[in-house]
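Q: how does the following fold in three dimensions:
(chains A and B)
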Protein chains: 2
Amino acid sequence: MLRASVAAGGLLMAGAAKAASPPIDAPPADDPWSKVLGPGVDDRPYGKPSRYEADAIRRYVPWLAQSTQADASFTPLQDQPGVITANGFFFERYHGGRTSVDPKEYRLMIDGMVDKPLLLTLDDIKRFPSVSRTYFLECPANGATEWPAAQENSLQFSHGLLGCAEWTGVLLSTLLNEAGVQKTGKWLLPEGGDAAHMTRSLPIEKCMDDCMVVWGQNGEALRPEQGYPIRLIVPGWEGNVMVKWLRRLHVGPGPWYTREETSEYTELLPSGKALAFTLVNEAKSVITFPCPEKPFTQGPGFYEIRGIAWSGRGKIKHVDVSFDGGINFTRAQLQEPILTKCLTRFTIPFHWDGKPLMLQSRTTDETGYTQPTIAQKRKSYGSKPVYFNNSIQTWQVLADGSVNNVQLS
Amino acid sequence: MLRASVAAGGLLMAGAAKAASPPIDAPPADDPWSKVLGPGVDDRPYGKPSRYEADAIRRYVPWLAQSTQADASFTPLQDQPGVITANGFFFERYHGGRTSVDPKEYRLMIDGMVDKPLLLTLDDIKRFPSVSRTYFLECPANGATEWPAAQENSLQFSHGLLGCAEWTGVLLSTLLNEAGVQKTGKWLLPEGGDAAHMTRSLPIEKCMDDCMVVWGQNGEALRPEQGYPIRLIVPGWEGNVMVKWLRRLHVGPGPWYTREETSEYTELLPSGKALAFTLVNEAKSVITFPCPEKPFTQGPGFYEIRGIAWSGRGKIKHVDVSFDGGINFTRAQLQEPILTKCLTRFTIPFHWDGKPLMLQSRTTDETGYTQPTIAQKRKSYGSKPVYFNNSIQTWQVLADGSVNNVQLS
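A: Purely as a prediction, here's the structure:
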């Protein structure tokens, strides 16, 4: 379908002709920027974005929290071209603000039910056998504001508690094997070095599987807001367990039922029972173009619909796109390589005739699990849920090309 | 071998014990940073590195060029943990300084031997079917200062005209098909919008293969120093052809023999003939830890040797590491996924007994080509070569753990 669109030619001729104010046989505009020398290599030892990209930033919702130091900012997914999230864009979630740890004074303690308790410096940690792997990281409250209704007309606020990065560090299993986990040690309590001393309980099986203790993110040291110098990565699980400014790994016989896994990050169901330790981020997807922030601006004609899909259970198997609010679906094309527990980019070519649309994407992961509608999710989640909203997103496209966040009943 | 090292336990106990100044059964240091709240989500809408990472920056060689506006800065590879190069680190190469293009005024012209000349706005370009792919980008002068001798005691200066990124954009073939290349059109001249109006000739076969016209790099818009808003990516070929601030794609019958492919970016051989249009970056590798900037700092014991390998002809097949200056080699472990024309990370576990070493890495790509020694390269490159130095690098490790850039005859 993609090839057919291109081979047919004339893909954008209407739009292109409109833009061609100078005659086509002349060079492009007599650009002022080509008449002067720009700054040299001594100007920016560490680079930064173009001044024309000042709108591509993290944002927060002022009414969401009482303090910006116990709050979240959102990734501008509308400005993310691929699956890597720029470190400058990567969402923040603080419980005690952005902690500044001196790497020279940093220590990681491994204790509890282990044969040899360890106290490691940053240099010690970096000496162990290391791996680099690309995983998404999503807050389980991503989509929280969408539970009651589509509250913010924005991709950034509806899905921006999400990022994806190449992480470099040591497998958690390597450190735990070094300490020697005893047979009675069945759970691990990672503890953060921030003022909140974030703690979460993790079953030892997951810790010995694919978890990482990382110092590198997307080609450089972790940023302070991501836990510099060391954070925990728990691939595919809710972001809250990926403890930042990691200071301690305590091995014990069972979960600790900390504040963050009892009062918070659980969901009280209508039955009176609470969902606790529901740690995996289920399969989810969203269309990133068009979206409320990036509408169709050039009238009817060819556009490529673009989006991202991810699953905490493994690889994305396929993504289907609907233009009519979920009645009909068309299979999208997935960008290779498709990696486990990583964002996967999808695209689908589309000739827009200028009529209103109800755009949706729906993904299925390699386990066969398919992303549900919000109506399906609501059936079991009671009246005021907060977490675990992985439902299908609907973007309403109007005849003028503008895009709205809507919910279909 | 890796598993054996870990399973054996006690990997770092000597180092760890030395670092453990507080008793092991107490929590880590009474960190001052956990006693105060840090800044909140309103503090940095666009993030930046930790203040403790101020040494991880691009650098340039003051004596290399007469002007910093026609010069290069080098990627701090010693601070790059994985295969992605942080946009803030990505090396610069200017012929007219860092050009600042207004995206609203930007135009790309496609003309010459085409059926339909095109003049495209940035919005036009972004409407075409797009792809995201991760490729390395290397200046053919990377290693130039190493031809006569090991002149700079530095990984950054010996190998830092190199970066790797996830690029997002449209395939060049899509744009050329839209314009309709005529049968007589056999070469393409991309032209830059900088003051130097950089131009290079490319055979149409490569243009129709895997070249990209990109607007996205590592999760955000291209940085100004990388050609914002649009640059050309020519996977695996010398960086000079990946024209930045791309303003024109002119199709013609043969190469243009521009300044940058005659006076520059060619190599005069002892025979009197010149190597011109030698466009592919041949297979190369280098050890990034240890290196002159990152020596062994904790005395004898376990270390992981780390490095990167790449080939302009495809995928890396294997990397071998020598500890004795090339007499004996041991196969290194490669980090998956191994992507074509992309950096591949390799590691090898090593117990250092404290004796001096001559460390080397040597890669072989999927075509069977093996990275040569500098002596082998010199045989055919005359007395004062500049380009195409892909030879094996030697790091001399002394008993005190320090590392020097040396050359073996």
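
Q: ok, for residue A:211, nearest residue in space, not its chain neighbours?
A: Taking C-beta to C-beta, 6 or more residues apart in numbering or on different chains, and ignoring the residues beside it in sequence, residue A:211 has residue A:172 as its nearest neighbour in space, at 3.9 Å. C-betas here are computed from N, CA, C, even on glycine.

Q: contacting residues for that neighbour?
A: With contacts defined as C-beta atoms under 8 Å, 6 or more residues apart in numbering or on different chains, the neighbours of residue A:172 are A:207-208, A:211-213, A:232, A:249.

Q: where along the stretch 51-200 of chain A do the helices fall?
A: Taking DSSP state H, counting those that start in this stretch, the helices of the stretch 51-200 of chain A run over residues A:122-127, A:155-159, A:172-179.

Q: near chain B, which residues of the stretch 251-400 of chain A?
A: Residues of the stretch 251-400 of chain A lying close to chain B by C-beta under 8 Å from any C-beta of the partner chain are A:297-298, A:301-304, A:306, A:335, A:337, A:339, A:345, A:347, A:349.

Q: just the buried ones out of those residues, please.
A: Judged by neighbour count, with 16 or more other C-beta atoms under 10 Å in any protein chain shown as the criterion, the buried members of these are A:298, A:301-304, A:306, A:335, A:337, A:339, A:345, A:347, A:349.

Q: could I get the residues of the stretch 251-400 of chain A next to chain B as a markdown table with secondary structure, pLDDT and distance to residue B:372?
A: Output for those, formatted as a markdown table (DSSP: H, G, I helix; E, B strand; the rest coil; pLDDT from 0 to 100; distance: C-beta to C-beta, whole Å):
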| residue | secondary structure | pLDDT | distance to residue B:372 |
| --- | --- | --- | --- |
| A:297 | coil | 95 | 52 |
| A:298 | coil | 95 | 52 |
| A:301 | strand | 97 | 52 |
| A:302 | strand | 97 | 48 |
| A:303 | strand | 97 | 49 |
| A:304 | strand | 98 | 44 |
| A:306 | strand | 98 | 43 |
| A:335 | coil | 98 | 35 |
| A:337 | coil | 97 | 30 |
| A:339 | coil | 98 | 34 |
| A:345 | strand | 98 | 38 |
| A:347 | strand | 98 | 41 |
| A:349 | strand | 97 | 45 |
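
Q: can you show me the strands along the stretch 201-350 of chain A?
A: In the stretch 201-350 of chain A, strands defined by DSSP state E, counting those that start in this stretch lie at A:202-203, A:212-217, A:220-221, A:231-233, A:246-252, A:267-268, A:274-275, A:284-289, A:301-310, A:316-322, A:330-331, A:333-334, A:344-352, listed in chain order.

Q: can you check what angle separates the fifth one from helix A:172-179?
A: Computed with axes from the mean of the first three to the mean of the last three C-alpha atoms, to 10 degrees, the direction of strand A:246-252 lies at 70 degrees from that of helix A:172-179.

Q: and strand A:246-252, what does it pack onto?
A: Helices and strands in packing contact with strand A:246-252 are listed as strand A:108-112, helix A:172-179, strand A:187-192; criterion 3 or more C-beta pairs under 8 Å, 6 or more residues apart in numbering or on different chains; DSSP states H and E.

Q: could you export these to JSON lines, including columns for mean pLDDT?
A: As requested, the helices and strands packed on strand A:246-252 are exported to JSON lines (pLDDT from 0 to 100):
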{"stretch": "strand A:108-112", "mean pLDDT": "96"}
{"stretch": "helix A:172-179", "mean pLDDT": "98"}
{"stretch": "strand A:187-192", "mean pLDDT": "97"}
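
Q: ok so, going back, out of the strands of the stretch 201-350 of chain A, the one nearest residue B:258 is which?
A: Closest of the strands of the stretch 201-350 of chain A to residue B:258 is strand A:301-310, at 33.6 Å (criterion: C-beta to C-beta).

Q: each with direction, which strands does that closest one pair with?
A: The strands that strand A:301-310 pairs with in its sheet are strand A:284-289 (antiparallel), strand A:344-352 (antiparallel) (by DSSP bridges).

Q: tell me the mean pLDDT over the shortest one?
A: Right, the one you point to is strand A:284-289. Mean pLDDT, strand A:284-289: 98.

Q: quick one: contacts for residue A:170?
A: Listed by C-beta under 8 Å, 6+ apart, the contact set of residue A:170 reads A:125, A:128-131, A:212-213.

Q: and among the helices of the stretch 51-200 of chain A, the most buried is which?
A: Per-residue neighbour counts averaged over each of these give the maximum for helix A:155-159, namely a mean of 25 (mean count of other C-beta atoms under 10 Å in any protein chain shown).

Q: alpha carbons only: can I get it in PDB?
A: As requested, the backbone C-alpha atoms of helix A:155-159 are provided in PDB (Å, rounded to 0.1, in the frame of the first residue of the first chain):
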ATOM      1  CA  LEU A 155      -1.500  14.000  23.400                       C
ATOM      2  CA  GLN A 156       1.200  15.300  25.700                       C
ATOM      3  CA  PHE A 157      -1.100  15.100  28.800                       C
ATOM      4  CA  SER A 158      -3.100  12.000  27.800                       C
ATOM      5  CA  HIS A 159       0.000   9.800  27.100                       C
END
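
Q: is any residue of it near chain B?
A: No - applying C-beta under 8 Å from any C-beta, one finds that helix A:155-159 is not in contact with chain B, the shortest distance being 11.7 Å.

Q: and if you look at stretch A:56-66?
A: Yes - Stretch A:56-66 is in contact with chain B by C-beta under 8 Å from any C-beta, via A:56-60.

Q: now do the buried residues in that stretch.
A: Within stretch A:56-66, the residues scored as buried using 16+ other C-beta under 10 Å are A:56-61.

Q: nearest to residue B:71, of the residues you listed?
A: Nearest to residue B:71 among the buried residues of stretch A:56-66 is residue A:56, at 28.6 Å by C-beta to C-beta.

Q: mind listing what the residue lying closest to the closest one once chain neighbours are set aside touches?
A: Excluding its sequence neighbours, the residue lying closest to residue A:56 (C-beta to C-beta, 6+ apart) is residue A:79, at 3.9 Å. Residues near residue A:79 by C-beta under 8 Å, 6+ apart: A:53, A:55-56, A:89, B:220-221.

Q: any of those residues buried? List them.
A: A:53, A:56, A:89, B:220-221.

Q: what about the residue of the stretch 101-250 of chain A found nearest chain B, neighbour count?
A: When distances are taken as C-beta to the nearest C-beta, the stretch 101-250 of chain A approaches chain B most closely through residue A:216, which lies 2.6 Å from it. Using other C-beta atoms under 10 Å in any protein chain shown, the number of residues around residue A:216 comes to 22.

Q: again, but for the one 10 residues further on
A: For residue A:226, the tally of surrounding residues (other C-beta under 10 Å) stands at 26.

Q: correct me if wrong: it contacts residue A:90.
A: Yes - counting by C-beta atoms under 8 Å, residue A:90 is a contact partner of residue A:226 at 6.4 Å.
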